[in-house]
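**Q** need a 3D model of the sequence below.
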Amino acid sequence: MLYDDEHFDFEIKLKRYTHLEVLLEALDRDKKHMDHLKMAHEYQYQINHITDLILKGMADLRGNFSQSQGEIIQTVQLVGERMGSMYIKGIDSI
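**A** Numbers count the residues shown, from 1 in each chain. Below is the predicted model of the structure:
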């Protein structure tokens, strides 16, 4: 089955969004375990800054999703990986 450029663009953005979502969860988990470090305050400041950038990127991607004809149907957590399902222009979910 051949897909058009819009499908590939949506798929790339979906993968980026999923990676940012996983990174956000990992940073949140790391931040909770830094209290005992000497430079915990500085590390947490940096993580907060990075988290803000990630959230901005995710918001931009969600805006792109709302403008495209595709939509995210569900995001499923599997053991050891994260996978997103999507629906685009009448094509079965991937």
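
**Q** just for this structure, where's the confidence low?
**A** Scanning the chain for pLDDT under 70 picks out the ranges 1-3, 69-94.

**Q** now the strands for it?
**A** Using DSSP state E, the strands of the chain run over 70-78, 81-88.

**Q** test my guess that M34 contacts Y45.
**A** No: look at M34 against Y45 with Cβ atoms under 8 Å: they stay out of range, at 10.8 Å. Just so you know, the C-beta spots here come from the backbone N, C-alpha and C atoms, and that holds for glycine as well.

**Q** more crowded one of the two?
**A** The residue with more neighbours, out of M34 and Y45, is M34; 14 against 11, by other Cβ atoms under 10 Å.

**Q** who's in contact with that one?
**A** Taking Cβ atoms under 8 Å, 6 or more residues apart in numbering as the criterion, M34 is in contact with 40, 43-44, 47.

**Q** can you do 6 Å?
**A** Contacts for M34 (Cβ atoms under 6 Å, 6 or more residues apart in numbering) come out as 40, 43.

**Q** do you know how far it is from K15?
**A** Note on M34: its distance to K15, by Cβ to Cβ, to the nearest Å, is 29 Å.
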